[in-house]
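In: Predicted model follows, preceded by the sequence.
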Amino acid sequence: MSLNSPTNLAERYVFLQAELARLEHAYYVLDNPLLPDIEYDRLYRELLEIEAAHPEWITPESLSQRVGGVALKEFDSVTHEVPMLSLNNAFEESELVAFDRRCREGLHADHVAYAGELKFDGLAISLRYENGSLVRAATRGDGASGEDVTANIKTIRAIPLKLTGKNIPKVLEVRGEVFMYLQDFQKMNQQAAALGDKEFANPRNAAAGSLRQLDSKITAKRPLSFFAYGLGALDPQSWLPQTHEELLNTYVELGLPVCSERRVLHSVSEILTFYQEIGAKRDSLPYDIDGVVYKVNSFAEQAKLGFVSRAPRFALAHKYPAQEALTTVLGIDVQVGRTGAITPVARLSPVEVGGVTVTNATLHNEDEVKRKDVRIGDTVSVRRAGDVIPEVVSVIKDRRPIDAKEFVMPLRCPVCDSHIERLADEAVARCSGGLFCGAQRKQALIHFAHRRALDIEGLGEKIVDQLVDQNLVRTPADLYRLGFTALANLERMGEKSADNLIQAINASRNTTLARFIFALGIRHVGETTAKDLANHYRTMHALMDASMDDLLTVKDVGPVVADSIISFMQEAHNREVIEQLLASGMLLAVEEKIISAAVAGKTFVLTGTFPTMTRDEAKDLLEKAGAKVAGSVSKKTDYVVAGTDAGSKLTKAEELGVPVIDEAAMLELLK
């Protein structure tokens, strides 16, 4: 069958959707980029090419129909009145020429003026000013809604708390980038090293991590900066200048920081000159950039060109090529990640790439090793591109030695000797010893103790680190064998805290089967699936011995989920840990659904603080009654349950005319 056949192409399309979603979540939500931008761009461009050939495959859930990630739960959600869209990218001169042609054709003009500016490598932010005062700041999030980081933004001295000048609109949402100057970043890392603290990998991660601190006092100590470059909501609209360049000049008058490296460009040749000039001094700039941006200068012309679902038609990001160097592959090992992902890693002869000595480079997965045909002994091109993880880009095959050795993916985990599995729809191979594997140990314990799992209050990341590092806990079952003395001797753990943790661990024995299944951390088994499995099998042993055919009869369990469960339960190490947990006195209740005709099948959204219960408790009650609880308000929402300090979700409900009720009314419905 041809690689371009509809069946194989469809499978590739499904893989790209899943892989890009994973990469976007890691990049935008976790501030932990897994691949260099150029590799992400390659995958995304491949996705767009497939969709261009098969537009009938595009759904509202397609990644091309949305922008980034989702907001972190620790922050309140903010709905953007004007979406924060991303930009289409160009890498070749031909793409730039095509962009200019589309703009001229769309405007029926011989020439178009563009505003040229830098593409910063930081974190996009929206600042809302009302009558000149800063009232709210939000991250981009998924483009439609982001995180409320107002308290942290107010610690950045470059951002005015009150605008200056006379011509100030009633509402002005300023879009821009939070970043760190390289000098400030280096100084901060030097101070961290002197104190023995963790150093940041790069300025972008440092800026994003600093802005997402829950304690604004920590943010205040970080040397963050800001440049304004765009516009969101505006009232009145008559305030808007005629051009983007005039807007930036007005921002300067209002006291907002704007980058001076910008220019109005009148042709493709001027655009290319700007691109080349900025590229020539890129290494000497005081901050990181990964390209330049061109926007149609006239706002009237921008409005005429409009938008596609993901990006404006009137703007383009022109990226610079990544920095590369040649070196030799000394060996290929595999690393086991915190989630069990098996990643091939090339061990390299040391080489300078982008000012950093590189000795290792990711090969991503088995398919990528085969696709690039990387062998031990090869001369390869390595790219860093300012990112944390260097990658092998290509092989110089005319330099391949006769004795070059092919890579073979191991069948057993190098850490715990559990078997390595690879599901049919995934590119990543994984260690199946989730409850036992040392590489996954900390992640497994943190998930096990999560409030939506076994809910062991006080068992946080720092305590888990100490328990694992001191070899006090190897699996979740070991938690129930911990003694008071061992806990009390941990750093920052007094007798009272140790006693509270012992009580919390003991209390967690009395739980539900659904929570226990979710706590095991089986891949693809979330809370909802765990509840469906618990209702179907009723006991843990019944689930452990379930066949593939039987699993496929469970509500919403497909082949991928069923295969993951089978692989997990067939691993002897995992079964042993489960048996140890059950033997420790776990009482696993099966919650019976009490369907309420008034709420069954309806969609609820919860917001604010309720007087007698938490939102998690309210969610459990509604779901037990047959309702669906969503995270955002839409026209399909049946009810919004609002408590005190309800935020943007309440505002959205009022705008859409969605019924708003309080906790008492919700409980009345549940009767």
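Out: It's in. Everything quoted here is computed from the prediction, not taken from an experiment. Numbers count the residues shown, from 1 in each chain.
In: Okay, the residue nearest to E461 when sequence neighbours are not counted and P83: tell me how far apart.
Out: In this structure, E461 finds its nearest non-sequential neighbour in I446, 5.9 Å apart by CB to CB, 6 or more residues apart in numbering. Placement of C-beta: from N, CA and C, glycine included. When distance is defined by CB to CB, to the nearest Å, I446 is 34 Å away from P83.
In: Same question for S508.
Out: Distance from S508 to P83, by CB to CB: 42 Å.
In: higher neighbour count, those two?
Out: S508 (22 against 16; other CB atoms under 10 Å).
In: Give me the mean pLDDT for stretch 124-133.
Out: Mean pLDDT, stretch 124-133: 92.
In: Can you list the buried residues in that stretch?
Out: 124-129, 132 (16 or more other CB atoms under 10 Å).
In: Next up, phi/psi of D645, please.
Out: Main-chain dihedrals, D645, degrees, to the nearest 10: phi 60, psi 30.
In: Tell me who's in contact with it.
Out: D645 sits next to 608-609 when contact means CB atoms under 8 Å, 6 or more residues apart in numbering.
In: What distance do you get for it to A519?
Out: 31 Å.
In: Between the two ends of stretch 549-559, what distance do you get?
Out: Using CA to CA, to the nearest Å, one end of stretch 549-559 lies 9 Å from the other.
In: do the same with stretch 151-161
Out: Start-to-end, stretch 151-161 (CA to CA) is 11 Å.
In: Any buried residues in it, and which?
Out: The neighbour-count check on stretch 151-161 (16+ other CB under 10 Å) flags 151-153, 155-156, 159-160 as buried.
In: Determine the three-state secondary structure at the residue nearest to I289 when sequence neighbours are not counted.
Out: Nearest residue to I289 in three dimensions, chain neighbours excluded: L118, at 4.9 Å (CB to CB, 6+ apart). At L118, secondary structure determined by DSSP: H, G, I helix; E, B strand; the rest coil is strand.
In: what's across from L118 in the sheet?
Out: Beta-bridge pairing of L118 under DSSP bridges involves V292.
In: I'd assumed V293 was in contact with it.
Out: Yes: with contacts counted by CB atoms under 8 Å, L118 reaches V293, the gap being 7.1 Å.
In: count of neighbours near E56?
Out: By other CB under 10 Å, 6 other residues sit near E56.
In: gap between the lowest-mean-pLDDT helix or strand in the chain and the chain center?
Out: Least confident helix or strand of the chain, by mean pLDDT, DSSP states H and E, is helix 216-220 with a mean of 75. Offset of helix 216-220 from its chain centre (CA atoms, centre = their mean, to the nearest Å): 23 Å.
In: what's that helix in contact with?
Out: Around helix 216-220, the neighbours that count as contacts under CB under 8 Å, 6+ apart are 151-152, 154-156, 210-211, 213.
In: Tell me which residues of that helix come out buried.
Out: Buried, per 16+ other CB under 10 Å, within helix 216-220: 219-220.
In: Now the phi/psi pair for the residue of the chain most remote from its centre, please.
Out: Computed with CA atoms, centre = their mean, the residue of the chain farthest from its C-alpha average is I402, at 42.9 Å. Main-chain dihedrals, I402, degrees, to the nearest 10: phi -60, psi -30.
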